[in-house]
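Novice: no FASTA, just this:
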């Protein structure tokens, strides 16, 4: 399940959704708004995204992670809209029987989300200037590992 | 050809709107991109028709919804 939402990410509910009796390891990545970017003080961020395609791409990434590692759960969520420093913009969580695959899959999913999900970040700096983050070209869909 | 365009990020700033319906004599996606006058190199831009990613040589059909996707910066 990959969600695009415009309200604060409910990290407690998402953590509970990872529960699985066969799981021996849960790895969660929470991407939060930091107060600086390349040496400049950041006041806040605004995210926008093409939600239908973002969900499709996010689901495709989670499917591919399940194909690459023996995961019991793989969940993702990206928030859009206005975010203040300290708020979570993205949340990735995986559950597996052992920790190694959970660490590997969570890191891989987050990297893939950054390159393959159509979301754009606009930074407002402390001096009042506003700029879209440089970003990277949207990568083609991930190939099947097998 | 009648098309609906959705705009995001720096391309939305360029067109000055989130969504527009246009009637334009365009023959393909590259032609449409030039018609929009976008400043970004199209090599850095992906494109979706009706919410599915497509290659730049994918044909356009009357009534399509087209999104040009500038470099992404989620997370």
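Specialist: That came in fine, so what should we check first? Values in this document were obtained by computation on a predicted structure and should not be read as measured data.

Novice: got the residue ranges for the strands in chain B?
Specialist: Assigned by DSSP state E, chain B shows strands spanning B:2-6, B:19-23, B:46-49, B:52-54, B:65-69.

Novice: Give me the contacts around the third one.
Specialist: Contact with strand B:46-49 is made by A:50, A:53, A:118, A:137-138, B:29, B:33, B:53-54, B:56, B:58, B:60, B:64-69, as judged by C-beta atoms under 8 Å, 6 or more residues apart in numbering or on different chains. Placement of C-beta: from N, CA and C, glycine included.

Novice: and it, how far from the chain's centre?
Specialist: Taking C-alpha atoms, centre = their mean, to the nearest Å, one finds strand B:46-49 lying 7 Å from the centre of the chain it belongs to.

Novice: Walk me through which strands it pairs with, and which way each runs.
Specialist: Here strand B:46-49 is paired, per DSSP bridges, with strand B:52-54 (antiparallel), strand B:65-69 (antiparallel).

Novice: pLDDT on the first one, on average?
Specialist: Think strand B:52-54. Mean pLDDT, strand B:52-54: 95.

Novice: Nearest residue to the middle of chain B?
Specialist: Closest to where the C-alpha atoms of chain B average out (C-alpha atoms, centre = their mean) is residue B:68, at 3.3 Å.

Novice: Next up, the contacts around it.
Specialist: Contacts here follow C-beta under 8 Å, 6+ apart; on that basis residue B:68 touches B:5, B:7, B:11, B:33, B:36, B:38, B:45-47.

Novice: Same question for residue A:84.
Specialist: A:33, A:44.

Novice: how far away is it from residue A:45?
Specialist: Counting by C-beta to C-beta, to the nearest Å, the gap from residue A:84 to residue A:45 is 8 Å.

Novice: tell me, what's touching these two both at once?
Specialist: Here residue A:84 and residue A:45 have residue A:33 as joint contacts, going by C-beta under 8 Å, 6+ apart.

Novice: Could you pull out the helices in the chain for me?
Specialist: Assuming you mean chain A. A:11-17, A:51-68, A:99-116 (DSSP state H).

Novice: try chain B instead
Specialist: Using DSSP H, helices in chain B cover B:9-15, B:29-36.

Novice: is the shortest one up against chain A anywhere?
Specialist: Think helix B:9-15. Yes - interface with chain A: helix B:9-15 contributes B:9-10, B:12-13 (C-beta under 8 Å from any C-beta of the partner chain).
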